Structures are given as C-alpha cells and as structure tokens.
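[1] just to be clear, the model below is a prediction. Sequence and coordinates:
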Amino acid sequence: ANPEDYVARYRGSLLDPTTLVQQARNLGIVEDITPPVSSLSMNVYPYGANDLRTIAARYDINDTLAQRLNILQQFEIVVLCDDSGSMNTPVDGTIRTRWDELLSIVQIVIEIATVFDSNGVDLHFLNRSSILNVTDSRQVAESFSQRPDGLTPLTPALRRIFQSAAIKARSDKRLLVFVATDGEPTDPNGNVDIQGLENLMRNERQANTTYVTFLSCTDDVSSVAYLSQWDRTMINVDVVDDYKTEREKVRRIQGYNYPFSFGDYVAKALIGAVDRKMDQLDEYRVT
C-alpha cells in the first residue's frame, strides 16, 4: 500500500490521527507512515487547521485569537444583517459605507465559520431574502450588490431565527447568532421599539443554548446605546463596538502596541458571546 495514497484518501475526514495510524497498521503500512505522525496530524486535523491558518494569515488574525476560534466547532452559526436605509451612511468621511464594511465583515465570518461547518452559514437580512447554507464568501457579494433600504425590523427577524433553530435543533451544537446593526429596532410603522426586542431576548430566547453577538456598524453611540446594558445584564450576549472604537478600547487596556487588525476585530466579535476571555479584551489586561 502506498502511504501517500492512504493519507490522501483520509485527508479532511473526521478521524483523529491515532485512529488513522491504527487503520494504517491494519493495512500493513504502519512502518511507512509512523515516522511523520506529527505532519499527518496536521494534514488531517478534523476541523481544518490548515484552512484556519490560511485565513488567519490572510486577515492578520493574531495567534491567540486564531486558536480561540476553535470553540466555534461547538456551534451552529447564523448571521443577521441590518439592510435598513441608514446602512448607506459613509464611514469615516470616505465613500465607503457601513454596508460596504459589513460586506467585508460577513465575508470573513463566512470563511471562518465554514472551517468548522461544511454545511455553511445561514445569512439573513431585515428587508430582503435569506441565503441558506452559504459555503463560499463570494456568494455574499450578490446579495450585497443591492443597496440597503427600509426600516429596522430586528425583532421579527431575530424571532424567526430563534424559532427556526428550535425546530431543527441539534443536540450536539448550540446556536450562535451574529447580528450586525447600526440602529434601534423599529415596529412595522417605523416607530422605535426597543422593548419588543428586549422582551424577545429575555423571555423568548433559550438563553442557555442560544448565544447572541450584536455588532455595532456605527460610531454613533446614541443609535446603539440600548445595547450597552444588555452586554452586562443578559447571559451569553456580547455587544461589540465599531472597529475604530473597539480597537481604541482594546489598546487602552492591553497597551497601544497591542496588535488589533480588522481581522482580529471580526474574530473577537465572532467569539465574544461564547468565549468570556476574548469578550473581556477591552475590559481586563490579558496575562
């Protein structure tokens, strides 16, 4: 038997290296593959270590955050994007809008998430059709080609996600909902309705198995002020500021030479609700 053929056959499988070596022994090729066991374990790492390393390098995600991303193997990840009209607002005085920046964020989220879930990520919006089982970040661009427009019906959109997840719940995985928004939730008449969203989060969400990250797509604190207290008073909820604000907060605590790229920002946001240590990067110094 050819050991290279054997490794190629099982690369990407869910078998751990010990099991692979045992199967190789049964096939009579153990002496051929025993010497490079360390390299074998890297190549067939069940959760796509090589893919994760590539993504971390591409987006300049620091080693600590990249390693912590492995916790995502325990979760089904769903993304909810605010496509209301205010997402057309330019960012930092440039022609780049909040919507453009959100596209960049979602593409990174998709790339990371699909390392751990080959079925892909369900991508939902407030005012347009969902895309289910997204496995390639390039699939996202088409939905984002239509400019944002409309109100901010966060509550019914999030309720549908919670209800759908409850119907197809998998006992071996919890749910992580990544919500990106730039404003206050509205009712069908366009009136601000923060209480409705809070009731959903506190009373309808299965808090022990449903984790939620709210990512702010604006540096206008007043627009997302309602989220600030939820970060402290709701379990398994994280609230993340816009990139510049979050970077400033992290460096104020960790030191101004602390690396915090845009990729670090997305990675921290993605795991903030499920990894308390990373959630607190902007609160306590990492030792």
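    All right, it came through fine.

[2] for the nearest residue to residue 266 once chain neighbours are set aside, which three-state class applies?
    The shortest distance from residue 266 to any non-neighbouring residue, by C-beta to C-beta, 6 or more residues apart in numbering, is to residue 108 (4.5 Å). C-beta here means a position set from N, CA and C on the backbone, and glycine is covered the same way. Secondary structure state of residue 108, per DSSP: H, G, I helix; E, B strand; the rest coil, is helix.

[3] so residue 108 makes contact with residue 263?
    Yes - under the criterion of C-beta atoms under 8 Å, residue 108 makes contact with residue 263 at 6.5 Å.

[4] overlap in contacts of those two?
    The contact sets of residue 108 and residue 263 overlap at residue 59 (C-beta atoms under 8 Å, 6 or more residues apart in numbering).

[5] helix or strand with the lowest mean pLDDT in the protein?
    Counting by mean pLDDT, DSSP states H and E, the weakest-scoring helix or strand in the chain turns out to be helix 37-43, with a mean of 30.

[6] in stretch 257-269, which residues are buried?
    258, 260, 262, 263, 264, 265, 266, 267, 268, 269 (16 or more other C-beta atoms under 10 Å).

[7] out of those residues, flag the one nearest to residue 211.
    residue 269 (12.4 Å; C-beta to C-beta).

[8] grab the nearest non-local neighbour of the closest one.
    According to C-beta to C-beta, 6+ apart, the nearest residue to residue 269 is residue 240 (4.3 Å).

[9] phi and psi next, for that neighbour.
    phi -120, psi 130 (degrees, to the nearest 10).

[10] could you give the mean pLDDT of stretch 121-133?
    Mean pLDDT, computed over stretch 121-133, is 95.

[11] would you mind writing the CA trace of that stretch as CSV?
    Output of stretch 121-133 as CSV, limited to C-alpha atoms (Å, rounded to 0.1, in the frame of the first residue of the first chain):
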residue,chain,number,x,y,z
VAL,A,121,-23.8,29.5,7.3
ASP,A,122,-27.4,30.8,7.1
LEU,A,123,-27.3,34.5,6.1
HIS,A,124,-30.4,36.6,7.0
PHE,A,125,-31.4,40.2,6.4
LEU,A,126,-34.1,42.5,7.7
ASN,A,127,-35.6,43.6,4.3
ARG,A,128,-34.6,41.0,1.7
SER,A,129,-34.5,37.2,1.2
SER,A,130,-32.2,35.0,3.2
ILE,A,131,-29.4,32.9,1.7
LEU,A,132,-29.1,29.5,3.4
ASN,A,133,-26.1,27.2,3.7
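
[12] outline the domain layout of this protein.
    Per automatic domain parsing, the structural domains of the chain span 3-43, 49-282.

[13] could you look over those domains and pick the most buried one?
    Highest mean neighbour count of those: domain 49-282, a mean of 18 (counted as mean count of other C-beta atoms under 10 Å).

[14] my guess is residue 245 meets residue 218, correct?
    No - contact criterion C-beta under 8 Å: residue 245 and residue 218 do not qualify, at 9.4 Å.

[15] thinking again about what came up before, next step: the buried residues of stretch 257-269 restricted to helices.
    Judged by DSSP state H, the subset of the buried residues of stretch 257-269 located in helices is 262, 263, 264, 265, 266, 267, 268, 269.

[16] closest one of these to residue 193?
    residue 269 (24.8 Å).

[17] and the closest one, what does it touch?
    By C-beta under 8 Å, 6+ apart, the residues touching residue 269 are 105, 178, 213, 215, 238, 240, 246.

[18] looking at those residues, spot the one nearest residue 90.
    Of the contacts of residue 269, the one sitting nearest to residue 90 (C-beta to C-beta) turns out to be residue 105, at 16.5 Å.
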